[in-house]
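Asks: with the sequence up front, the predicted model follows.
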Amino acid sequence: MAMNFFEHQHRARKRTTTLIVLFALAVIGIIAALDLLGLLIVSYTSRGHGGNMPPGNVHFAILTLSVLFTLLIVGGGSISKTMSLRAGGKVVAESLGGKRILEQSADPVERRVLNVVEEMAIASGTPVPPVYILDHERGINAFAAGFSPNDAVVSVTRGCAETLTRDELQGVIGHEFSHILNGDMRLNIRLIGVLHGILLIGMIGYFILRISFYSGAGYRSSSNNRKGGNPLPLIGIGLIIIGFIGTFFGNWIKAAVSRQREFLADASSVQFTRNPDGIAGALKKIGGYTYGSKIENPNAPQASHMFFGQAITSGLAGLFATHPPLPERIKRIDPTWDGKFPRVTGAAAQTGDTVSGGAVSGAAAFAGGAAAQHSPVGVSRTEPAGTPRTRHFADHVGNPTEEHVKYARALIGSLPDYVAQAARDPYGARAVIYCLLLDSDEKVRARQLETLNRQADAGVLRETEKLYPLISNLKRELRLPLIDMAMPALRALSVTQYAAFKNNVAALVAADSRIDLFEWSLNRILTKHLGGQFEGRRVPGTKYYNLNRLGSQCSLLLSMLAYVGSRDEDQAREAFSQAAKYLPVPGLRFLSLTECSLEALGSALDELVLVAPKLKEKVIAACTACICADREVTTAEAEVLRAVSDTLDCPMPPLLPGETLAS
C-alpha cells in the first residue's frame, strides 16, 4: 500500500534522525583521527628530547584540542553554510547559475514550464513556487530546493525545458513536487551544510601545506633530532587525508540517504499524473541523450542529491551515486521496457501550449476550462452529487491525483486572460488580493477604496479598479487558486512594498469592523507563505508527540468548524460528535458560540502546527469528518479547511466538482 502524506513526513523526520546519527559518528571519527595526528606531530617534534610518545596529560590536551577543533570547523562550518542558505531555494538556484523565469514571460519554452508548475501547485494545494531555469545546462535535469513549501523554488535546465514533451516535463515536475510535499527539501539543505563542514578540514590542510612550502618551511632541515622536525607539512598532509576520508564517507552518507527517496518521488509523480509514460519517457531520453543529466556548474557536486537525475559522474559513481541506475528506475515505472534508450538529437516539438494572455488554451485548457467547472472530474456521474468521503479528503492531503491536475488546469484556463496576467505581475498581484477583500456592500467598498486611495500605490489602485468587475464575478472556487497564482509575484516585492501591502490588507479587512471567514483564511495563507521571507518567521519544529495537553485547542478548532457549516447549535453539536470519534483527546468538549473567535482559532492553530506528523493526520481526519457530517461541503467550509490544513503544513488539494454541493 502506498504511503500517505503523513507517513512520508514521518519517514522524512526519521531520515533526518539517521543523518544526525551518521553525522555524529563522522565527527567522532574525525576527532579520533585528529587525536592520532596530534600524537604523531608531538612525537615527531619532540625527537631528541627523550621519548617518542607524549605523557598522559599531553595526550589529554591533544584530545581536547581535537574535540574543539572539530566542533569549531565541522560544526561551525555546517551551521554557517546552512545559515547562508536560510533565504530558501532561490539561493541554491542562483548558486547553480539559475535565472528566474518571470511570470509574464511570453517565451514558449519558458511559458510551458511555468504553466506546468502552476498546474501542479494548484492541484496540490500549495502556493505556486518561483521557477528558475539553468540556461547554460544542456543536460536534462531539474530540482526543487528550499526549507519548506513557503520558500521553495523549482528549477529546470535548458536541456530539460527544450528537449522534453509536455507530458514528460509534467512527469519531472511531479517528481519535484513530491520532494516539496514530502519534506525532502529541508534534509537536502542539511546535507549540504554537513558536507561543507567536513570538507573544510581538507581545505584547511591544503592551505597549511601551501603556506609551509611557499614560506620555505617545508625545505628546512628536519633531520636535526635535537631540535625536532618542522610540523607544518605533516599537519597539512594529515588534515588533507582526514578531510578526504571524511568527505568520502560524507558523500557515501549523502548517496545512501538520497537513493530510496528517488524511487518514492518517481512513484508519486505517476500518482499525480496517472501517466507513467511521462516520467518514464523523460528517464529514457536522459539515457539516450548526448548530455544525459549532467550538470556542468562547479557547485553541482554539493547539490547533486537534489536533482532529478544523476548530476555528476566520477570513478566511484556506483558508490557515490545519489540516484538509482536509470534502467532500475525505468523498470519500476515501465516493467515492459525493452532496455533500449531512444536516440535524442534535438528539441522536442513545442505543441499543446499556445499562450493567450496567461492561460493555457485549446485542449490543454481541458476543453476551455469553463465547462469543466460544472462537470464532475474523477467522480462517477451516478454517485450522488455532494456526497463527501471523510477518508477520501484526508487521504488527498499532500497526494494530488490526475483529476486534481486536470481540474487545476481547467480552473486556470477558465480565468479571464486579464485576471491571469495580473496575478503574475507584482502590481497586479497586489491588486488581485485587494479585489478579493473588497466588500459587496457598496458603502463599505467605497470606504475601502478611499483607504487605498490614501495608502496604496497609485498604479496598484488603478489596477484594482480595473480588475474588480472581473474578479467580483468569478466563481468562489476560483478565489483560493487565484491567491496561489499570485504568490510568486508577491514574493518578488521589496521589503518596503510588502510592509505597505500588509498594512493595506489589514485596513481593507478592518473597514467593516468585522472579520469574515474568507478574510481570516486569506490572511492566514498570506502570513504563512510570505511571513518567512519578509518577517523572518521560522519553520516550526515538533513540540508535541501526543495531544493530551491540547484538548482546549482541539475543542476550539472542531467547534469552530462545526459552526461554519451548520444551521443551528444542535446541528453543530452533531458535527462535533462525528469529528470527536477521530480525535480521542482528554478534555475534548463542544464549545458554545460565545466561547469561539477567529483570533482564538489562530492561536490554537499556532500550537497544533507543532504536533508530530502522525498526530496531524488525526487532526485533519477529525476536521474533514466535522465538515462532512451533514454530507455536504460548502465553498466556505472548503476555504476554511484549506486555511487550517495550510497552517498545519498539510497541503490539501482543491475539492473536485461533485465534492462541493453548495456555495
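Replies: Yes, it's here. Numbering: from 1, shown residues only.
Asks: helices of the stretch 451-600 of the chain, residue ranges please.
Replies: For the stretch 451-600 of the chain, the helices defined by DSSP state H, counting those that start in this stretch occupy 458-471, 479-491, 495-510, 517-535, 551-564, 569-580, 598-608.
Asks: which of the ones you listed has the lowest mean pLDDT?
Replies: If you rank the helices of the stretch 451-600 of the chain by mean pLDDT, helix 517-535 sits at the bottom with a mean of 87.
Asks: quick one, that helix and helix 598-608 angle?
Replies: When axes from the mean of the first three to the mean of the last three C-alpha atoms, to 10 degrees is applied, the directions of helix 517-535 and helix 598-608 differ by 50 degrees.
Asks: could you list the buried residues of helix 517-535?
Replies: Within helix 517-535, the residues that count as buried by 16 or more other C-beta atoms under 10 Å are 518-530, 532-534. The C-beta positions use only the backbone N, C-alpha and C, and glycine is treated the same way.
Asks: distance to Pro400 added to the helices of the stretch 451-600 of the chain, as CSV?
Replies: Output for these, formatted as CSV (distance: least, C-beta to C-beta, whole Å):
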stretch, distance to Pro400
helix 458-471, 25
helix 479-491, 13
helix 495-510, 28
helix 517-535, 18
helix 551-564, 23
helix 569-580, 24
helix 598-608, 23
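Asks: tell me which of those helices sits nearest to Ile204.
Replies: Closest approach to Ile204 among those (C-beta to C-beta): helix 517-535, 33.8 Å.
Asks: need the contact list for Arg524.
Replies: The contact partners of Arg524, by C-beta atoms under 8 Å, 6 or more residues apart in numbering, come to Gly602, Leu605, Ala643, Asp646, Thr647.
Asks: after the helix or strand containing Ser43, which helix or strand is next? Please name it.
Replies: Element membership for Ser43, per DSSP states H and E: helix 5-45. As assigned by DSSP H and E, the chain's next helix or strand after helix 5-45 is helix 56-70.
Asks: packing partners for that next one?
Replies: Helix 56-70 sits against helix 5-45, with contacts defined as 3 or more C-beta pairs under 8 Å, 6 or more residues apart in numbering; DSSP states H and E.
Asks: how near is Leu22 to Ala311?
Replies: 22 Å (C-beta to C-beta, to the nearest Å).
Asks: which one of these two has more residues nearby?
Replies: Counted by other C-beta atoms under 10 Å, Leu22 and Ala311 do not tie: Ala311 has more neighbours, with 26 against 18.
Asks: and the strands in the stretch 51-200 of the chain?
Replies: Applying DSSP state E, counting those that start in this stretch to the stretch 51-200 of the chain gives strands spanning 99-100, 131-134, 142-145, 153-157.
Asks: can you list those strands in a markdown table and add mean pLDDT and mean neighbour count?
Replies: Shown next, in a markdown table, are those (pLDDT from 0 to 100; neighbours: other C-beta atoms under 10 Å):
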| stretch | mean pLDDT | mean neighbour count |
| --- | --- | --- |
| strand 99-100 | 96 | 16 |
| strand 131-134 | 97 | 26 |
| strand 142-145 | 96 | 29 |
| strand 153-157 | 97 | 30 |
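Asks: now the angle from the helix holding Ser43 to helix 56-70?
Replies: Using the same axes, to 10 degrees, the direction of helix 5-45 lies 140 degrees away from that of helix 56-70.
Asks: same for helix 5-45, what does it pack against?
Replies: So helix 5-45, by 3+ C-beta pairs under 8 Å, 6+ apart, packs with helix 56-70, helix 184-214, helix 232-273, helix 613-627.
Asks: tell me which of those helices sits most buried.
Replies: Highest mean neighbour count of those: helix 613-627, a mean of 24 (counted as mean count of other C-beta atoms under 10 Å).
Asks: helices or strands up against the next helix or strand after that one?
Replies: Moving toward the C-terminus from helix 613-627, the next helix or strand (DSSP H and E) is helix 635-647. The contact analysis (3+ C-beta pairs under 8 Å, 6+ apart) places helix 635-647 against helix 479-491, helix 517-535, helix 551-564, helix 598-608, helix 613-627.
Asks: can you redo those as CSV with distance to Lys581?
Replies: Output for the helices and strands packed on helix 635-647, formatted as CSV (distance: least, C-beta to C-beta, whole Å):
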stretch, distance to Lys581
helix 479-491, 28
helix 517-535, 25
helix 551-564, 11
helix 598-608, 18
helix 613-627, 7
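Asks: which of those sits closest to Glu162?
Replies: helix 479-491 (22.0 Å).
Asks: so what's the residue nearest to Leu437 when sequence neighbours are not counted up against?
Replies: Counting by C-beta to C-beta, 6 or more residues apart in numbering, Leu508 is the residue found nearest to Leu437 once chain neighbours are left out, at 4.2 Å. Residues near Leu508 by C-beta under 8 Å, 6+ apart: Tyr434, Leu437, Leu438, Gln448, Thr451, Leu452.
Asks: could you rerun that using 7 Å?
Replies: Taking C-beta atoms under 7 Å, 6 or more residues apart in numbering, we find Leu508 in contact with Tyr434, Leu437, Gln448, Thr451.
Asks: give me the below-cutoff pLDDT ranges for the chain.
Replies: 1-13, 15-16, 19, 46-56, 214-230, 314-319, 346-394, 657-663 (pLDDT under 70).
Asks: hmm, try it at 50
Replies: In the predicted model of the chain, residues 1, 219, 221-226, 349-352, 354-388, 660-663 satisfy pLDDT under 50.
Asks: which one is Val270 nearest to, not counting chain neighbours?
Replies: Pro276 (4.9 Å).
Asks: so that neighbour is in contact with Thr336, correct?
Replies: No - in this structure, Pro276 is not within contact of Thr336 by C-beta atoms under 7 Å, at 10.4 Å.
Asks: just how off-centre is stretch 424-436 within its chain?
Replies: Counting by C-alpha atoms, centre = their mean, to the nearest Å, stretch 424-436 is centred 24 Å from the centre of its parent chain.
Asks: same question, stretch 134-145
Replies: 17 Å.
Asks: can I get the CA coordinates of it in PDB?
Replies: Extracted C-alpha coordinates of stretch 134-145, given in PDB (Å, rounded to 0.1, in the frame of the first residue of the first chain):
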ATOM      1  CA  LEU A 134      19.600  26.900 -15.700                       C
ATOM      2  CA  ASP A 135      20.200  28.500 -19.100                       C
ATOM      3  CA  HIS A 136      23.700  27.100 -19.700                       C
ATOM      4  CA  GLU A 137      23.000  23.500 -18.800                       C
ATOM      5  CA  ARG A 138      22.300  21.200 -21.700                       C
ATOM      6  CA  GLY A 139      21.700  18.100 -19.700                       C
ATOM      7  CA  ILE A 140      18.100  17.100 -18.900                       C
ATOM      8  CA  ASN A 141      17.600  17.800 -15.200                       C
ATOM      9  CA  ALA A 142      15.600  19.600 -12.600                       C
ATOM     10  CA  PHE A 143      15.400  20.200  -8.800                       C
ATOM     11  CA  ALA A 144      13.300  21.600  -6.100                       C
ATOM     12  CA  ALA A 145      15.000  23.500  -3.200                       C
END
